[in-house]
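Trainee: Please work out how this folds:
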Amino acid sequence: MKFNLNHLAILWCFILFSCNSENDEIKHAAYIDSIKIIADAKLRVNFDEGSKYFDSAYNAYPNLKEHDIFQKEFLLASTKLLNYNSPDSAIMFINRAIDHLDQKIHQIDLMRAYILKANILMAQENYGEAFNYFFLAKTISEKEKADYKQRAWLSVSLANILFNQKKYNEAIKYYTNAYQLYSKIETNKITERHVPLQQNLNNIALSYERSNKIDSAEKWYKKAIKLIDDSNFPNDEKILTRFKSIVLGNLGFVYYKKGEYALAEKTLKQSLALNKYEKEDEFFTKIKLATLYAKQNRNTEIESLIKQVQTDKRFNHKSFHEGRKRLYELAYNHFERVDNLSRAYGYYKRFHYIKDSLDIASSLLANRDINREFLKLSQKVEIESLKKKHELKSLYLVLTVSLTLLSLLSIFLILRNVRINKKHI
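Mentor: Numbers count the residues shown, from 1 in each chain. Now for the predicted structure:
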């Protein structure tokens, strides 16, 4: 057999080109990464100076790609959100990042961009749009088989928005999905598996409680407690104790709602005895216990708990506004009942002031019907999927027709050669 030297030369050039191309890609990625590392440090100190450095470093490089620009805009967006708490600027950068992304090739980067955009929208209190982008990111994560942790985190993000919109049944579906995904993670690190499992069990139970499915809530709170009791993390007792105190506080109030007052008091006091680390939850548990005492007309104990909570220096923290509302409501109802009208009126005014503030904030959550948006997005994803299937079928049809024509051509050539050969015999 003759060896064609031309073929050998072509093959050798192809190998050399591939090697050089690979090396160029590695060098290119390393150069862009080095720029990002320096720019990241500069951006944190002075955003404008860091941005100027980014521009000059990119302008000095002759072979920039669209994906390089995506990385730059993505970093600018995340820095504006996380380091400067400036979501209005961050949204501009993330939109530019998405515009520079080849979405067919870089699906994981698109997922990351959607997650960042969703978080920016959350910071802008645009919860309906945030839900949309978390949902799109979740869809990509399932299609691309992202790791369990990423997919679970996205489910929790969707569930939290639905929970805050009081759509508890829908929230339960996502919390349950997150729980199932976290269950599949194989790790001995308490924070990567056990903690999120615990949080999701508690959130499922809390969603059932808020939707007045008290028996289901009790069942899931007990599951959460069993998970804690069965765990084996001797070096993390503090974390486990904190979680158990929180869940016991929630379970105790479920017993109260069921009219099991003795069991409710016992469980709430167990929660308080364990709670050495979670001050905010201690306040809520004391308010729950005071609510139980109000039902039993135990006035001295109610007033003692009101004083304990209200005189704690952490009572006025911003994060405790919901707790203050509940305490003021409890206090004005109590003092009205015992005919101390001047104190009742003082608490009544404070209750309505904070309630009005919270109602305004809450109305922002309800400014869009998330169920409708969810349905639109589901339909959009389904339509895109059907389009791709149709395109694939069309491709298969073209290939089939092409192969058929090639087969016919081959048969024709074979028959022609046979006839020619017969003539020469």
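
Trainee: residue ranges with poor pLDDT in the stretch 1-150 of the chain?
Mentor: Along the stretch 1-150 of the chain, the model assigns pLDDT under 70 to residues 1-22.

Trainee: so where do the helices sit in it?
Mentor: Counting by DSSP state H, counting those that start in this stretch, one finds helices in the stretch 1-150 of the chain at the ranges 5-45, 47-59, 66-82, 87-99, 107-123, 127-143, 148-164.

Trainee: Ok, which of the ones you listed comes nearest Lys318?
Mentor: With CB to CB, the closest approach to Lys318 among these belongs to helix 107-123: 15.7 Å. The C-beta positions use only the backbone N, C-alpha and C, and glycine is treated the same way.

Trainee: contacts for the closest one?
Mentor: 67, 70, 74, 77-78, 81, 85, 87, 90-91, 94-95, 97-98, 101, 103, 127, 129-134, 136-137, 140-141, 143-144, 146, 154, 157 (CB atoms under 8 Å, 6 or more residues apart in numbering).

Trainee: are any of those buried, and which?
Mentor: Buried residues within the contacts of helix 107-123, defined by neighbour count using 16 or more other CB atoms under 10 Å: 67, 70, 74, 77-78, 81, 87, 90-91, 94, 97-98, 101, 127, 129-134, 136-137, 140-141, 146, 154, 157.

Trainee: For Ile214, the count of nearby residues, please.
Mentor: Counted with other CB atoms under 10 Å, the neighbours of Ile214 add up to 14.

Trainee: same thing with the one 3 residues further on?
Mentor: The burial count assigned to Ala217 is 24, neighbours taken as other CB under 10 Å.

Trainee: what are the C-alpha coordinates of the helix or strand containing it, in PDB please?
Mentor: Assessed by DSSP states H and E, Ala217 sits inside helix 214-230. Presented in PDB, the C-alpha positions along helix 214-230 are these (Å, rounded to 0.1, in the frame of the first residue of the first chain):
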ATOM      1  CA  ILE A 214     -51.700  21.500  62.500                       C
ATOM      2  CA  ASP A 215     -51.400  17.700  62.500                       C
ATOM      3  CA  SER A 216     -49.100  17.700  59.500                       C
ATOM      4  CA  ALA A 217     -47.100  20.500  61.200                       C
ATOM      5  CA  GLU A 218     -46.700  18.400  64.300                       C
ATOM      6  CA  LYS A 219     -45.600  15.400  62.300                       C
ATOM      7  CA  TRP A 220     -42.800  17.400  60.500                       C
ATOM      8  CA  TYR A 221     -41.600  19.200  63.600                       C
ATOM      9  CA  LYS A 222     -41.200  15.800  65.300                       C
ATOM     10  CA  LYS A 223     -39.300  14.600  62.200                       C
ATOM     11  CA  ALA A 224     -36.900  17.500  62.700                       C
ATOM     12  CA  ILE A 225     -36.400  16.700  66.300                       C
ATOM     13  CA  LYS A 226     -35.700  13.000  65.500                       C
ATOM     14  CA  LEU A 227     -33.100  14.100  63.000                       C
ATOM     15  CA  ILE A 228     -31.300  16.100  65.700                       C
ATOM     16  CA  ASP A 229     -31.600  13.300  68.300                       C
ATOM     17  CA  ASP A 230     -30.300  10.600  65.900                       C
END
